[in-house]
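*Asks:* The following comprises the amino acid sequence and a computationally predicted model.
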Amino acid sequence: SMSDNISQLHPQKHPGLGKRIAVFAVLLVFVTGGVAAYVFRDRLNLDALQRYVRYLNVSEDSKTGRFVYDESNSNRYAGLSGGLSVASATGLSLYDKDGVETASIQASMSAPVLKTGGDLALAYDTGGNTLEAASQKRGSVLHVSSQKPILDADIASDGSICYLSSESGYRAVLYVYNSQQALIYRWLSSSQYFMRCTVSSGAKYAAAAALGQEDGMFQSSVVLFRTDSEEILRTIPIGNALIYDLHFLPGNTLCVLCEDALYFYELDGQCLGSYAFEDAYLKDYTLDGNGFVTLVMNLYKAGNGYTALTVGYDGTVLGTLPISEQILDISASGKYLALLTSGALSIYDQNLTEYDVSDNTTGASSAVMREDGSAILLANGHGTLYVP
């Protein structure tokens, strides 16, 4: 894709190259005429120009209902290689950028979870026995049918995969696959229960959220592993709070999302920063942004007093946004965040500055943000491409 090409043009050697391309593209647009207003509206934004060129020949008809899939309340959606991945009660389906189905993997999943890493989609059944990974080009690359229920799974940006289950005689077992989907590591835990897991890009490190007890109170900790070692690398104590999610961010920073705070750790156990929720309750979140985590907080356990927050990887709050309507879905990709309500699709940057807003005319209940600033709106078995 065009954005990929531009981002790989050796920025160190040509500091002004992106600017020169932008200026050339601007001139090109002015020469072709008729779109000056469009360009000015987006402040000569390079993404807007790229979208203009990329979707120039895409008619409104082909944007509407571009992706066709089987609708279900349990469906999960994610962008994948410019297209779409859908995890459902019946399996995992992948669609390319034109809406052509490139893979369809049959699997029974009553509570599907969908994650993506690089060109792979990972789907698994929470508390079930099935895990599937597939790519647009290669189809199915990993199929796991576990004896005991799968508690959690994660995928790194290079397609490395880990999952948690158990085996008889053990409280938890952590499995790690490298980016070629070869099983390279297995940790059998006889003493600790593991609830969450994550693997680093390159599959050199893995981590698990452990649940233990101390003086009658439960204690959470994060256990770090090196996949080339038979010893635990280190244990990071978290305290009396449930760990909701764990994920390795770029640079092997470990993001730990708890019920009462968000933490960022180095591999040596040093805390790079944190954000405490105080009296607010976490309603929703996504770790998918580039350089930021998005949290949706509620000051009351019931009611619609929401606040969206973006937090940098050092715990700094980058932006806050009060929202009075119920949020149907949030999705982040690159430097963009999509917030969907019954009334509107709003797109923001990482500081929660509004980038674009449009009416939710399709009646969409889910949205998938894309790295170039476009989005897919999902409603009644149809995915519609929205281009700001």
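*Replies:* Sure, I can see it. Keep in mind that this is a model prediction, so the values were computed, not measured.
*Asks:* Now stretch 124-136: average pLDDT?
*Replies:* On average, the pLDDT along stretch 124-136 is 96.
*Asks:* what's the answer for stretch 243-252, then?
*Replies:* Stretch 243-252 comes out at a mean pLDDT of 96.
*Asks:* For that stretch, list the C-alpha coordinates in CSV.
*Replies:* Provided in CSV are the C-alpha atoms of stretch 243-252 (Å, rounded to 0.1, in the frame of the first residue of the first chain):
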residue,chain,number,x,y,z
ILE,A,243,-5.2,-8.0,36.0
TYR,A,244,-7.5,-7.5,33.0
ASP,A,245,-4.9,-7.6,30.2
LEU,A,246,-1.2,-7.9,29.4
HIS,A,247,0.5,-6.9,26.2
PHE,A,248,4.1,-6.3,25.0
LEU,A,249,4.3,-3.0,23.2
PRO,A,250,7.0,-2.0,20.7
GLY,A,251,10.4,-2.0,22.3
ASN,A,252,9.4,-4.8,24.7
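*Asks:* Show residues contacting it.
*Replies:* 154, 156-157, 195-201, 205, 207-209, 220, 222, 254-259, 264, 266-267, 282, 285, 287, 313 (C-beta atoms under 8 Å, 6 or more residues apart in numbering). Quick note: C-beta positions are derived from backbone N, CA and C, even for glycine.
*Asks:* Just the buried ones from the residues you listed?
*Replies:* 154, 156-157, 195-201, 205, 207-209, 220, 222, 254-258, 264, 267, 282, 285, 287, 313 (16 or more other C-beta atoms under 10 Å).
*Asks:* wait, what's in contact with V86?
*Replies:* Here V86 is in contact with 69, 75-77, 92-95, 114 (C-beta under 8 Å, 6+ apart).
*Asks:* Using the three-state scheme, assign it.
*Replies:* strand (DSSP: H, G, I helix; E, B strand; the rest coil).
*Asks:* Please tell me how far it sits from A210.
*Replies:* 33 Å (C-beta to C-beta, to the nearest Å).
*Asks:* same thing with D96?
*Replies:* Applying C-beta to C-beta to D96 and A210 gives a distance of 40 Å.
*Asks:* If you count surrounding residues, which of those two has more?
*Replies:* A210 (23 against 17; other C-beta atoms under 10 Å).
*Asks:* Please give me every residue in contact with the closest residue to the more buried one other than its chain neighbours.
*Replies:* In space, and not counting its chain neighbours, A210 is closest to Q192: 4.4 Å by C-beta to C-beta, 6 or more residues apart in numbering. Counting by C-beta under 8 Å, 6+ apart, Q192 makes contact with 171-172, 210-212, 223.
*Asks:* got it, and G99?
*Replies:* 66-68, 83-84, 383.
*Asks:* in the stretch 151-300 of the chain, which spans are strands?
*Replies:* 152-155, 161-165, 172-177, 183-189, 193-199, 205-214, 217-226, 232-239, 243-249, 253-258, 261-265, 271-276, 281-286, 292-298 (DSSP state E, counting those that start in this stretch).
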